[in-house]
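Colleague: Sequence and predicted model, in that order:
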Amino acid sequence: DTEVTQTPKHLVMGMTNKKSLKCEQHMGHRAMYWYKQKAKKPPELMFVYSYEKLSINESVPSRFSPECPNSSLLNLHLHALQPEDSALYLCASSQAPSLPEGGSTGELFFGEGSRLTVL
Amino acid sequence: GDSVTQMEGPVTLSEEAFLTINCTYTATGYPSLFWYVQYPGEGLQLLLKATKADDKGSNKGFEATYRKETTSFHLEKGSVQVSDSAVYFCALGKFYFGSGTKLNVKP
């Protein structure tokens, strides 16, 4: 069983809707991540939170808005999405934060993902 | 910049065959290397990892050795099973993933 829980597992929304994806971990990890994965592609990093502060935003459009209310929770607020935003959205956590330039040793713990379809 | 190059798939094998999935990397510094596995409809799971040169990661019969001289981290398994059918991702640190290799194992 995964220790990173994502809800909902499936979400269908129109382009004018506002919805949120939620992620929760209780491993005491201090870094949390959002990735976007299109079919037959690797995960693409969107956002990184380190110690509840946004540390990396990979030039993600503003229609995606992350939020980290506390060290265990991570949300992704969705508004005015486009059909091309349909994808599997993966949340992950790690014990220690890191920056790309600094390298890292710890692994990522992924949730099972939220499958988003934008009509 | 840092990057990971992974062999294209799909790879189709018969049960009990030997598996190799090639992975090479370009890195500044000394990052850890990982193999993750993704089953249909699921997130990624860590399969194995190596944190420094010459380390060998192993799990569930899979192995990979961190080779600094050839900048490689190839995944191997001596005898695959149908249940190993999945997509395998090589990763450098937390931010750089290979393109993924789909493995199909036939009975």
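Modeller: Everything's here; your move. Numbering: from 1, shown residues only, chains lettered A, B, ... in the order given.
Colleague: residue closest to the middle of chain A?
Modeller: A:Trp34 (2.2 Å; C-alpha atoms, centre = their mean).
Colleague: which residues sit against stretch A:63-77?
Modeller: A:18-26, A:28-30, A:32, A:34, A:46-47, A:49, A:51-54, A:57, A:78-82, A:85, A:89, A:91 (C-beta atoms under 8 Å, 6 or more residues apart in numbering or on different chains). From N, CA and C alone the C-beta is placed, and that goes for glycine too.
Colleague: I'd assumed the residue nearest to the centre of chain A was in a strand, is it?
Modeller: Yes - under DSSP: H, G, I helix; E, B strand; the rest coil, A:Trp34 sits within a strand.
Colleague: Look up the residues forming beta bridges with it.
Modeller: Counting by DSSP bridges, A:Trp34 forms beta bridges with A:Phe47, A:Cys91.
Colleague: Any figure for the gap between it and A:Phe64?
Modeller: Separation of A:Trp34 from A:Phe64 (C-beta to C-beta, to the nearest Å): 8 Å.
Colleague: picking that back up, how confident was the prediction at the residue nearest to the centre of chain A?
Modeller: In this model, A:Trp34 is scored at 97, pLDDT.
Colleague: so who does it touch?
Modeller: Going by C-beta under 8 Å, 6+ apart, A:Trp34 touches A:23, A:45-47, A:66, A:74, A:76, A:89-91.
Colleague: circling back to that earlier point, show me which of the contacts of stretch A:63-77 are buried.
Modeller: A:19, A:21-25, A:29, A:32, A:34, A:46-47, A:49, A:52, A:78, A:81, A:85, A:89, A:91 (16 or more other C-beta atoms under 10 Å in any protein chain shown).
Colleague: Sort out for me which of these are in strands.
Modeller: Using DSSP state E, A:19, A:21-25, A:32, A:34, A:46-47, A:49, A:78, A:89, A:91 are the members of the buried ones among the contacts of stretch A:63-77 that sit in strands.
Colleague: Enumerate the residues of chain B near chain A.
Modeller: For chain B, the residues in contact with chain A (C-beta under 8 Å from any C-beta of the partner chain) are B:2, B:27-32, B:34, B:36, B:41-46, B:49, B:51, B:89, B:93-100, B:102.
Colleague: and these, which of them are in strands?
Modeller: B:34, B:36, B:44-46, B:49, B:89, B:96-97, B:102.
Colleague: okay if I get those as a markdown table plus pLDDT, distance to B:Lys56 and neighbour count?
Modeller: Output for these, formatted as a markdown table (pLDDT from 0 to 100; distance: C-beta to C-beta, whole Å; neighbours: other C-beta atoms under 10 Å in any protein chain shown):
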| residue | pLDDT | distance to B:Lys56 | neighbour count |
| --- | --- | --- | --- |
| B:Phe34 | 96 | 13 | 28 |
| B:Tyr36 | 98 | 17 | 25 |
| B:Leu44 | 95 | 21 | 31 |
| B:Gln45 | 95 | 19 | 16 |
| B:Leu46 | 96 | 15 | 16 |
| B:Lys49 | 95 | 10 | 21 |
| B:Phe89 | 97 | 19 | 23 |
| B:Tyr96 | 92 | 21 | 20 |
| B:Phe97 | 95 | 21 | 24 |
| B:Lys102 | 97 | 25 | 15 |
